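Student: Compute the structure for the input listed below.
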Amino acid sequence: MLIDFTVSNFRSLRDRQNLSMYRSARTLKVARAEEDPWLRPDVSPVAAIYGANAAGKSSVLDALGFVSRAVEDSYARWDADGGVPRQPFKLDRQHRTMPTEFDIEFLAADGNEYRYGFAVDDERVLSEYLHVYRTRRRSILFERERDSYKFGDSFRGPASLLRETTRPNALFLSASAAARLEATEPAHDWLTERLSFYHATGFPAEHNRIKRLLARDADFADQITDFMRQLDLGVQSVSVVKQEMDPEERERIRQIIDARDDELLTFDDVIGTFETELQLSHQGDGERFELPFNVESDGTQALISFASVAIRALAEGTVCVVDEIDSSLHPLMVAELIAVFADARVNRKQAQLIITTHDVSLLRPGTKLESDAVWVVEKNAVGASDLIPIRDFGLPRKDENLERAYLTGRYGGLPMSSLVNSMLEARG
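Tutor: Presented below is the predicted three-dimensional model:
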């Protein structure tokens, strides 16, 4: 569960920006009063980030993604002599060379809260730390300043060996995972496995995963079929059908897989994606009709992808980070997804949904998007993005129309109000 995230000097996020999932006192009181209690009623299950095109909404999500990828890849995959592949703010000379900093607080699968952070420049890791909160008191697992390390009493493992083998441009948390260090495993697993990133326009990438799950998981098949039925699209069932492949093409794929010599990439898995296809059964006039998946609309194909994402997240209690979610889904469908994550009766493991969107209809009274969960990104005069919770403008009334307030410019984050006037002024 994500609790808090802070970043500075990353892409358009020049200054320190904070995305906090903590609820306000008012919404916390409501959450605690619900019949089905949340695991952490003080933490919101949803966050929606608004803003004009190119305002920097995606930079916030990309910053989260950078942390996850760096923890996963820096030790094993980053070039030893290649420095750090960061993206600092580049619209002033000073910040091009200043450190990029990240800090993230989360609840891991072991039930403990962790706080992890690091600072990097173009060449190396400047600092890094991992703290655990087994009680209200902080326990240091490790702290690092360049090549100097401090290990807490609860750290167990070959500290001196890991210190010597961790490259200057690799994260110690990444190196400790390669050594299967038990003390840091919960934090590493959450950062690399419990944060899932999606771009809404990339929904076809989920289809192969759906095919694999349908083939081996009967519960998943029942859940995704029920999900699609509830959306009132006329879909009665979701299944996988076999497709014959040309023997020569099949053999060519086998040779490619064998040449890669990758234990994680098996011929059976790869060929299964080519020789199977999804199929939806639709209710017609008195009977059912099976249609080829490629004739389904983009909207339907996107819906089944996000149904799969939501089902897995709810089952595992993970964090779904979706950029431009309204580019593939109808506003009513996005609202339904938010409602699912916002309902403690359904979302028993408190999975989270963090999205960027332009869909202001989600701000109308009656939707399940809490005012605490709404953020606006706006660029200032020097091209730097500011991430602002709308409660900074004063906590809205329970019945306040946030859509109207946003569209009238109360919270900022709007594109230019009149392109026509701007063009006329430019012409003189």
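
Student: Identify each buried residue in the helix ranked longest in the chain, please.
Tutor: Longest helix in the chain, counting residues (DSSP state H): helix 298-316. Within helix 298-316, the residues scored as buried using 16 or more other CB atoms under 10 Å are 300-314. Using the backbone N, CA and C atoms, a C-beta is placed for each residue, glycine as well.

Student: Now do it: distance to the chain's middle.
Tutor: A distance of 14 Å separates the centroid of the chain from that of helix 298-316, by CA atoms, centre = their mean, to the nearest Å.

Student: Show me what that helix is packed against.
Tutor: If you count contacts as 3 or more CB pairs under 8 Å, 6 or more residues apart in numbering; DSSP states H and E, helix 298-316 packs onto strand 195-199, helix 207-216, helix 218-230, strand 276-283, strand 319-323, helix 331-341.

Student: So which of those is the most surrounded?
Tutor: strand 319-323 (a mean of 23; mean count of other CB atoms under 10 Å).

Student: which residues are contacting that one?
Tutor: With CB atoms under 8 Å, 6 or more residues apart in numbering as the test, strand 319-323 has contacts from 1-2, 57-58, 61, 64-65, 194-200, 306, 309-310, 313, 351-356.

Student: and if you look at stretch 293-306?
Tutor: Under CB under 8 Å, 6+ apart, the answer for stretch 293-306 is 200, 203-207, 210, 224, 228, 231, 233, 235, 238, 277-280, 322, 325, 328-330, 333, 337.

Student: D103 should be in a helix, yeah?
Tutor: No. Judged by DSSP: H, G, I helix; E, B strand; the rest coil, D103 forms no part of a helix; its state is strand.

Student: got a list of what it touches?
Tutor: D103 neighbours (CB under 8 Å, 6+ apart): D4, F5, T6, V7, R115, Y116, G117.

Student: Repeat that for A175.
Tutor: By CB under 8 Å, 6+ apart, the neighbours of A175 are Y75, L162, T165, T166.

Student: ok but it is inside a helix, no?
Tutor: Yes. Per three-state DSSP, A175 lies within a helix segment.

Student: so how far is R40 from it?
Tutor: Distance, A175 to R40, by CB to CB, to the nearest Å: 31 Å.

Student: coming back round to it: widest-spaced pair of the contacts of A175?
Tutor: Among these, the pair separated by the greatest distance (CB to CB) is Y75 and L162, at 10.0 Å.

Student: more crowded one of these two?
Tutor: Set Y75 next to L162 and count neighbours by other CB atoms under 10 Å: Y75 wins out with 23 against 20.

Student: quick one: that one is in a strand?
Tutor: No. Membership of Y75 in a strand is not supported by three-state DSSP, which gives coil.

Student: so who does it touch?
Tutor: T166, R167, A170, L171, S174, A175, A177, A178.

Student: Which two among those residues are spaced furthest apart?
Tutor: For the contacts of Y75, and using CB to CB, no pair is farther apart than R167 and A177, which are 14.4 Å apart.

Student: residue nearest the centroid of this protein?
Tutor: V321 (2.1 Å; CA atoms, centre = their mean).

Student: distance of that one from L61?
Tutor: From V321 over to L61 (counting by CB to CB), the distance is 5 Å.

Student: Can you check the pLDDT for the spatially closest residue to S24 that is not a sequence neighbour?
Tutor: Using CB to CB, 6 or more residues apart in numbering and skipping residues adjacent in sequence, the residue nearest S24 is D372, 5.1 Å away. If you check D372, the pLDDT there is 87.

Student: show me what contacts D372?
Tutor: By CB under 8 Å, 6+ apart, the residues touching D372 are Y22, R23, S24, T27, S44, P389, R391.

Student: so what does the helix or strand hosting the fourth one touch, helix or strand wise?
Tutor: I take that to be T27. Here T27, judged by DSSP states H and E, is contained in helix 25-33. Applying 3+ CB pairs under 8 Å, 6+ apart, we find helix 25-33 packed against no helix or strand.

Student: Just the buried positions in that helix, please.
Tutor: T27, L28, A31.

Student: Identify all contacting residues around whichever helix or strand comes after that helix.
Tutor: Note on helix 25-33: by DSSP H and E, the next helix or strand toward the C-terminus is strand 46-51. Outside strand 46-51, the residues that touch it by CB under 8 Å, 6+ apart are 19, 21, 57, 60-61, 338, 341-342, 352-358, 360, 362, 368-370, 373-378, 385, 387, 406, 411, 413.

Student: Quick check: P389 touching V377?
Tutor: No. Contact criterion CB atoms under 8 Å: P389 and V377 do not qualify, at 11.0 Å.

Student: Of these two, which one has the most company?
Tutor: Applying other CB under 10 Å to P389 and V377 shows that V377 carries more neighbours, namely 25 against 21.

Student: Distance check, the closest residue to the more buried one other than its chain neighbours against S385.
Tutor: Leaving aside its sequence neighbours, V377 sits nearest to G51 (CB to CB, 6+ apart; 3.6 Å). G51 sits 8 Å away from S385, taking CB to CB as the criterion.

Student: about what we covered before: go through the buried residues of helix 298-316 and say which is closest to L107.
Tutor: Out of the buried residues of helix 298-316, the member with the shortest distance to L107 (by CB to CB) is A313, at 15.0 Å.

Student: residues in contact with the closest residue to that closest one other than its chain neighbours?
Tutor: Counting by CB to CB, 6+ apart, A313 lies nearest to A351, which is 4.2 Å off, once chain neighbours are set aside. By CB under 8 Å, 6+ apart, the contact list for A351 reads P45, A313, L314, E316, G317, T318, V319, C320, F341.

Student: Show me which residues of the helix or strand hosting L61 are buried.
Tutor: In the assignment (DSSP H and E), L61 maps to helix 57-73. Buried residues in helix 57-73, counted by 16+ other CB under 10 Å: 57-64, 66-72.
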